[in-house]
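**Student:** Next comes the sequence, and after it the predicted model I'd like to discuss.
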Amino acid sequence: TVLAGSGLAMVQQSQALAILATAGGFLVPLLTSDGSNRFVALFSYYGLLNAGVLLMAWLRQWRWLNWTGFIATFVIALSWQLLHYHSVDYALVQPFFAVYFLMYLLIGYWFTLRQGHQSRGFIDGSLVFGLPLLSFSQQLLLTQRWSQGDSLSAAVYALIYAAMYGLVRRQQREDLRRFGQIQLGLALMFASLVLPFSQGASWTAFGWALEAAGLCWLGFQQQSRASRAGAYLLMTGALLAFASELPVQTGNLWLLNGDFINILVLAVSLLLLSLS
């Protein structure tokens, strides 16, 4: 039914029909579940669905279809993690989540690439910034059993985004310039988290504040209220994360103090949001 609906959507060039077929496909396992937690079959099925979304993203500029697949995939996967994940499942789960991440990273790139010069490199900010937020949250849950799991995950994300930036830079296309800048910014952000993650949970606010500033800047550039609203939500999360572990360090070298740097980043990000 999903294949038939997707094929009909392509023939009729109907994004609404494609969204309906894809959403129905994601709901089928939830509606027919017997509670047996056969997650390998579930994630394999979702992998096939996302392959279909990836194919349609290559053929069509259907932003809301991309967004439907992204939200369904990562919300369902995150819900499963919170309810059923055990550390012994790591080796089976990690490949699926890695493939989902790479698929939607590629979808975000294709969407920008196919806008052409007429749209001045329009970017789907919700997907480009939402992907690292949701995906990295899942990755932290996957690797929480290891003391350095978060730092290693941040390093891998930094390398992936740096590779994407290198790919975009080699193309030397003006309409991809802004997308490339965002990839570089995300690479630097994750690289900056490698060491701080091993120093305390409050540094999570560091990354969220930077993402909020970046998303707000993109919303201002593209006059997108949705992007700016997402930035405000991110900043709220950053402030709550920082408040959950209030500064306690003192010393003479206060300029090099991790808590001082966190507060400075939060203050600068808030200033940027207020100016937008």
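**Tutor:** Structure's in. What do you need?
**Student:** contacting residues around the helix or strand where Ala163 lies?
**Tutor:** Assigned by DSSP states H and E, Ala163 belongs to helix 149-171. Helix 149-171 is contacted from outside by 102, 105, 109, 132, 136, 139-140, 142-144, 146, 176, 179-180, 183-184, 186-191, 193-195, 197-198, using Cβ atoms under 8 Å, 6 or more residues apart in numbering. No exception for glycine: its C-beta is placed from N, CA and C like everyone else's.
**Student:** of these, buried ones?
**Tutor:** Buried residues within the contacts of helix 149-171, defined by neighbour count using 16 or more other Cβ atoms under 10 Å: 105, 109, 132, 136, 139, 142-143, 176, 179-180, 183-184, 186-187, 189-191, 193-194, 197.
**Student:** Low-confidence stretches in the stretch 1-150 of the chain?
**Tutor:** For the stretch 1-150 of the chain, the stretches with pLDDT under 70 are 1-6, 8-9, 11, 116-122.
**Student:** 90 instead?
**Tutor:** The stretch 1-150 of the chain contains residues with pLDDT under 90 at 1-39, 52, 55-65, 82-84, 86-87, 110-130, 133-134, 137, 140-141, 143-150.
**Student:** Ok, the stretch 151-276 of the chain next?
**Tutor:** By pLDDT under 90, the low-scoring segments of the stretch 151-276 of the chain are 151-152, 154, 169-182, 184-276.
**Student:** Show me the helices in it, by range?
**Tutor:** For the stretch 151-276 of the chain, the helices defined by DSSP state H, counting those that start in this stretch cover 177-193, 204-222, 225-243, 258-275.
**Student:** so of these, which one's packed in deepest?
**Tutor:** With neighbours defined as mean count of other Cβ atoms under 10 Å, the helices of the stretch 151-276 of the chain peak in mean count at helix 204-222, which reaches a mean of 23.
**Student:** tell me the phi and psi of the nearest residue to Gln81 once chain neighbours are set aside?
**Tutor:** For Gln81, ignoring the flanking residues on the chain, the nearest one in space by Cβ to Cβ, 6 or more residues apart in numbering is Leu141 at 5.1 Å. Backbone torsions of Leu141, given as degrees, to the nearest 10, read phi -70, psi -40.
**Student:** what's the neighbour count on Leu141?
**Tutor:** Residues near Leu141, counting by other Cβ atoms under 10 Å, number 16.
**Student:** Pretty sure it sits against Ser79.
**Tutor:** No. Leu141 lies out of contact with Ser79 (Cβ atoms under 8 Å); the separation is 11.3 Å.
**Student:** Output the contacting helices and strands for the helix or strand containing Trp110.
**Tutor:** Here Trp110 is covered by helix 90-113, with elements defined by DSSP H and E. Counting contacts by 3 or more Cβ pairs under 8 Å, 6 or more residues apart in numbering; DSSP states H and E, helix 90-113 packs against helix 39-59, helix 63-84, helix 125-142, helix 149-171, helix 177-193.
**Student:** Go through the helices of the stretch 151-276 of the chain and name the closest to Gly24.
**Tutor:** For Gly24, the closest of the helices of the stretch 151-276 of the chain is helix 225-243, at 25.1 Å, according to Cβ to Cβ.
**Student:** on that earlier part again, any idea which of the helices of the stretch 151-276 of the chain gets closest to Val53?
**Tutor:** With distances scored as Cβ to Cβ, the stretch of the helices of the stretch 151-276 of the chain nearest to Val53 is helix 177-193 (19.4 Å).
**Student:** any idea how far Val53 is from Asp150?
**Tutor:** 29 Å (Cβ to Cβ, to the nearest Å).
**Student:** ok, how many other residues are close to Ser151?
**Tutor:** Neighbour number of Ser151 under other Cβ under 10 Å is 18.
**Student:** what do you get for Met10?
**Tutor:** By the other Cβ under 10 Å criterion, the neighbourhood of Met10 contains 15 residues.
**Student:** Use 9 as the first number for this chain going forward.
**Tutor:** In the new numbering, first residue 9, that becomes Met18.
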